[in-house]
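> Got a predicted model here, sequence first, then my questions.
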Amino acid sequence: MDPANHAVLLRLYVDEDEQVSGRPLYEVVFRKAREMRPQALAVLRGPRGLDFGRRRHHARLLTLLTAESLPVIVEVVDRAEPVRAFLESIRPLMRQGLATLQEVELWSCGQARPEGTPLQGDRQIPL
């Protein structure tokens, strides 16, 4: 893997109904992650899942937008050091959940950029 394209993907698996100070945990995590300006950040809502107490969560297609307690995945992609520091900073907020880290290779899609141009703003990716 080219070191210039090396990064890590953090996936946080949480329940949609978990709250921190009256706000959804996934929203709090998203806002904190956005402050670190990662290369990629997403919140994904799952139509089915199995939580850590082994309860099943699902939503029928017609009720997907109003179903409660669905699984939510927050994904953060950036260099290893900031992602690991971010994970340590949010662990106290999570009563339950699961975090995974994996190495990934970054590829730019869309218009070609001159060599050496960073993927986002003025940030450089090399470790």
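Sure, I can see it.
> ranges for the strands of this protein?
Under the criterion DSSP state E, the chain carries strands at the ranges 6-15, 19-20, 23-24, 40-45, 48-50, 56-58, 71-78, 98-105.
> angle of the longest one against strand 71-78?
Spelled out, it's strand 6-15. 160 degrees (axes from the mean of the first three to the mean of the last three Cα atoms, to 10 degrees).
> Go through strand 6-15 and flag the buried ones.
6, 7, 8, 9, 10, 11, 12, 13, 14, 15 (16 or more other Cβ atoms under 10 Å). C-betas here are computed from N, CA, C, even on glycine.
> Hmm, residue 104 and the second one touching each other?
Yes: the criterion here is Cβ atoms under 8 Å, and residue 7 meets it with residue 104 at 5.4 Å.
> got any residues that touch both of these two?
residue 77 (Cβ atoms under 8 Å, 6 or more residues apart in numbering).
> quick one: low-confidence parts of this protein?
For the chain, applying pLDDT under 70 flags the ranges 1-4, 49-68, 111-127.
> before we move on, the earlier item: tabulate the strands of the chain (a markdown table), appending distance to residue 31.
Output for the strands of the chain, formatted as a markdown table (distance: least, Cβ to Cβ, whole Å):
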| stretch | distance to residue 31 |
| --- | --- |
| strand 6-15 | 13 |
| strand 19-20 | 11 |
| strand 23-24 | 9 |
| strand 40-45 | 10 |
| strand 48-50 | 23 |
| strand 56-58 | 24 |
| strand 71-78 | 11 |
| strand 98-105 | 17 |
